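Undergrad: 3D, please:
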Amino acid sequence: MNTEQLETLISMCRYLGIQVLLFGKDSDEAAQNETYINIEEIDYGFRKKMLKDFDYRLIQDSMEKYLEEGIYYLYEDDLNLHYSLFRIPEEYVKEAGCQILCIGPILYQPVSRHIAMELVEKLKISSHYQQDFMEYFNRIPLVPYFDMWNHLIGFFLTRCGFSLDFRLVNNDTLKIFPHYDYHYLIPETPEVALMTIAERYKWENAMLDAVSSGNIQQAMEAHYQFLQYRLLPRTADALRDRKNIMFTFNTLLRKAVEHGHVHPLHIDNLSQQFAIQIESAPTIEKLVSLSTTMLRRYCMLVNNYSRRSYSIAVRTCMDYIDFHYDTDITLASLADMCFVSSSYLSAQFKKESGITITDYISRTRIRQALTLLNTTQLSIGEIASQCGFADANYFTRIFKKNMGKSPKEYRNDIQKEFS
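TA: Just a heads-up that it's a prediction; the model follows:
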């Protein structure tokens, strides 16, 4: 058995915010029951919250009784939620570290209010709990392509060394989840909606904390988890509704970066760019792809411009240089601005940043020059002037020292790359 492929499958699902549960690791009955300790997570604890005295051991017993070895079950429960269930053949249980692999729940399409109400009627649930139902379904990960998703899971299981037999089943043909009369068993205050909203805010805060520290990987992981909690539509126009959500997302990222001690002018420049892109986006798909771009760019802003670790004097100098790189900047003028001596500022700047003030000025000007070389057809002399260099020759020497090639060579390489 190829355990690396199984680990890759599990990691991929969890990275996408899709739950993976591993059951039945030990043949000893007492120890095996311990491995089902997370059985309540199979529906994120929904039935426990919605039903009085619901016993999840019934699900455990059903899986043990009905799931056959080597069968890949594409399973739909009584709430129209989908699972991928696979019972590991006995000879591979020790290697796999589990007996049953459970992936889900997931949805293949969003649950509309109309569908939710049909389900409420089918299960004889009071309409009083409609909000709890809707919030629960908005929490379930959405996988839009049935065939692609199940072929992907099947591919990984096959690569693990298993010979698969696919079986499409629901709760009528294979009763894993016991049937209950919801009408008589719902407690007065299930609080499903409250707990779901709290979870959404938890992942939102985790994402914003990661952005504040410039941690792209953690921000992306939290973002995937956050996206599993879909918001109820605020307007009838789906595109307009998504744009409104994206404007809110942009504002949240702005505040997160501000907490990362980035100067507001840097934040405002990036925020304006994204505001224009959001409003001009022609489709929802464009907006979805834009959200990850925004996350990366705001994290990069923190990594490039955060002043969190610097003293007030050094932070003031850096901010001034960032916004006045095209002017004549001297150590003496910066020291006067910070009300310290030139020698103190020079030593403190080098101590905190690792480079001299002169080097920081040069690197800032070079960074701006790179932007102009990439996005304009200005002459080398015009770029030198706009970036604060005394003349084109001096600009060329400093540029080559930092980049290993002249500005002209750099521009030629860029043009060749895109020609």
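
Undergrad: grab the nearest non-local neighbour of residue 197.
TA: Distance criterion CB to CB, 6 or more residues apart in numbering; nearest residue to residue 197, sequence neighbours excluded, is residue 135 at 6.5 Å. C-beta: built from backbone N, CA, C; applies to glycine.

Undergrad: isn't the one you found up against residue 116?
TA: No: counting by CB atoms under 8 Å, residue 135 stays clear of residue 116, with 10.2 Å between them.

Undergrad: what's the spacing between residue 386 and residue 363?
TA: Using CB to CB, to the nearest Å, residue 386 is found at 16 Å from residue 363.

Undergrad: actually residue 118, not the one I typed
TA: 62 Å.

Undergrad: not counting its neighbours along the chain, what's nearest the residue nearest the centre of the chain?
TA: Ranked by distance to the mean C-alpha position of the chain (CA atoms, centre = their mean), the top residue is residue 223 at 2.3 Å. Among residues not flanking residue 223 along the chain, residue 207 sits closest, at 5.2 Å (CB to CB, 6+ apart).

Undergrad: other SSEs contacting the helix or strand that neighbour falls within?
TA: Using DSSP states H and E, residue 207 sits within helix 192-212. If you count contacts as 3 or more CB pairs under 8 Å, 6 or more residues apart in numbering; DSSP states H and E, helix 192-212 packs onto helix 46-50, helix 130-139, helix 216-227, helix 238-259, helix 284-305.

Undergrad: residues contacting the residue nearest to the centre of the chain?
TA: Taking CB atoms under 8 Å, 6 or more residues apart in numbering as the criterion, residue 223 is in contact with 207, 291-292, 295.

Undergrad: OK, contacts around residue 285?
TA: Applying CB under 8 Å, 6+ apart, no residues contact residue 285.

Undergrad: output the below-cut-off pLDDT ranges for the protein.
TA: 25-34, 126-130, 132, 180-196, 230-234, 418-419 (pLDDT under 70).

Undergrad: now the strands for it?
TA: With DSSP state E as the criterion, the chain has strands at 20-23, 71-76, 82-87, 100-106, 165-170.

Undergrad: need those strands in CSV (columns: mean neighbour count).
TA: What follows is the strands of the chain, written out as CSV (neighbours: other CB atoms under 10 Å):
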stretch, mean neighbour count
strand 20-23, 19
strand 71-76, 20
strand 82-87, 22
strand 100-106, 23
strand 165-170, 14
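
Undergrad: by how many degrees do the helix holding residue 207 and helix 216-227 diverge?
TA: Angle of helix 192-212 versus helix 216-227, following axes from the mean of the first three to the mean of the last three CA atoms, to 10 degrees, is 160 degrees.

Undergrad: ok, and what's touching helix 192-212?
TA: By CB under 8 Å, 6+ apart, helix 192-212 touches 46, 49-50, 129, 131-136, 138-139, 216, 218-219, 222-223, 225-226, 229, 252-253, 255-257, 259-260, 295, 298-299, 302.

Undergrad: can we see that at 6 Å?
TA: For helix 192-212, the external contacting residues (CB atoms under 6 Å, 6 or more residues apart in numbering) are 49, 131-132, 135-136, 139, 218-219, 222-223, 225-226, 229, 256, 259-260, 298-299.

Undergrad: can you flag the buried ones in these?
TA: Burial by neighbour count, judged by 16 or more other CB atoms under 10 Å, picks out 49, 132, 135-136, 139, 218-219, 222-223, 225-226, 229, 256, 259-260, 298-299 from those.

Undergrad: only alpha carbons, please: show stretch 373-382 as PDB.
TA: Once non-C-alpha atoms are left out, stretch 373-382 reads as follows in PDB (Å, rounded to 0.1, in the frame of the first residue of the first chain):
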ATOM      1  CA  LEU A 373      10.700  49.900 -16.600                       C
ATOM      2  CA  ASN A 374       8.000  47.200 -16.500                       C
ATOM      3  CA  THR A 375       5.000  49.400 -17.100                       C
ATOM      4  CA  THR A 376       6.100  52.400 -19.200                       C
ATOM      5  CA  GLN A 377       8.100  53.300 -22.300                       C
ATOM      6  CA  LEU A 378       9.900  56.200 -20.600                       C
ATOM      7  CA  SER A 379      13.500  56.700 -21.500                       C
ATOM      8  CA  ILE A 380      16.200  55.700 -19.100                       C
ATOM      9  CA  GLY A 381      17.000  59.300 -18.400                       C
ATOM     10  CA  GLU A 382      13.300  60.100 -17.600                       C
END
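
Undergrad: gap between the two ends of stretch 258-266?
TA: Stretch 258-266 has its terminal residues 10 Å apart, counting by CA to CA, to the nearest Å.

Undergrad: any buried residues in it, and which?
TA: 259-260, 262-263, 266.

Undergrad: farthest-apart pair in the residues you listed, please.
TA: 259 and 266 (13.7 Å; CB to CB).

Undergrad: for residue 39, see how far away the nearest residue to residue 153 once chain neighbours are set aside is.
TA: Distance criterion CB to CB, 6+ apart; nearest residue to residue 153, sequence neighbours excluded, is residue 84 at 5.1 Å. For residue 84, the distance to residue 39 equals 17 Å [CB to CB].

Undergrad: now do residue 136
TA: 18 Å.

Undergrad: and what of residue 273?
TA: The gap separating residue 273 from residue 39 is 48 Å, by CB to CB.

Undergrad: show me which of the two is the more surrounded one.
TA: Higher neighbour count among residue 273 and residue 39: residue 39, with 18 against 13, using other CB atoms under 10 Å.

Undergrad: let me know whether that one touches residue 58 as I believe.
TA: No: the criterion here is CB atoms under 6 Å, and residue 39 misses it with residue 58 at 9.8 Å.

Undergrad: and residue 398, how many neighbours does it have?
TA: For residue 398, the number of neighbouring residues by other CB under 10 Å comes to 19.

Undergrad: apart from its chain neighbours, what residue comes closest to it?
TA: Leaving aside its sequence neighbours, residue 398 sits nearest to residue 362 (CB to CB, 6+ apart; 5.4 Å).

Undergrad: circling back: which of the contacts of residue 223 count as buried?
TA: Buried among these (16+ other CB under 10 Å): 207, 291, 295.
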